[in-house]
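1. no sequence on hand, only this structure:
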């Protein structure tokens, strides 16, 4: 439809509601994003797209990810370009940027086609990676080597239901694009 949308995790839409979503900037000011346009949270995936009510207010679109510095792992790059969307491969290096503490962490893909039970809902065919994640990072980008691989879904849990901080699940970006009938914006 030629409109711009913002990706996030589907469980965020399912739990957070369909009203107007906002974001908070570092100085504490907030900006209205828009309402949920479409989402899936269940066996067909964990993805959502939000309407962007004021794209010029954000100077959108951008084909990049904000990468924080992690000595020996990542270098600060406020506009790390994304040139393509790709399928994940077992053992490949991937990173995530999260909103909770605004940090970028990296690891490797440890599994594909994984299933997750999130709050009593089965979510099928996810990627699994050993990067560190915190509650609130959901919907953040999973990327590496200037390629998008997915959207952060959840921290893995052990058999007692306790979080395993450096074992995380993510929704593949290509399946999210197909399900939502959109394409990510790429850097030029």
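-> Perfect, thanks for sending it. None of the values given here were measured: they were computed from a predicted structure. Numbers count the residues shown, from 1 in each chain.
2. from residue 1, how far out is residue 88?
-> 28 Å (Cβ to Cβ, to the nearest Å). Every residue, glycine included, has its C-beta placed from N, CA and C.
3. I figured residue 165 hits residue 132, correct?
-> Yes. Counting by Cβ atoms under 8 Å, residue 132 is a contact partner of residue 165 at 5.4 Å.
4. between those two, which is the more surrounded one?
-> Shown here are residue 165 and residue 132; by other Cβ atoms under 10 Å, residue 132 has more neighbours (18 against 14).
5. quick check, the more buried one in a strand?
-> No. Counting by DSSP: H, G, I helix; E, B strand; the rest coil, residue 132 is not part of a strand but coil.
6. now do the same contact list for it.
-> With contact set as Cβ atoms under 8 Å, 6 or more residues apart in numbering, residue 132 has these partners: 105, 107, 165, 166, 168.
7. which of the residues you listed fall in strands?
-> By the criterion of DSSP state E, membership of these in strands covers 105, 107, 165, 166, 168.
8. check what pLDDT the closest residue to the fourth one other than its chain neighbours gets.
-> So that's residue 166. Leaving aside its chain neighbours, residue 166 sits nearest to residue 132 (4.4 Å; criterion: Cβ to Cβ, 6 or more residues apart in numbering). Note for residue 132: predicted pLDDT of 87.
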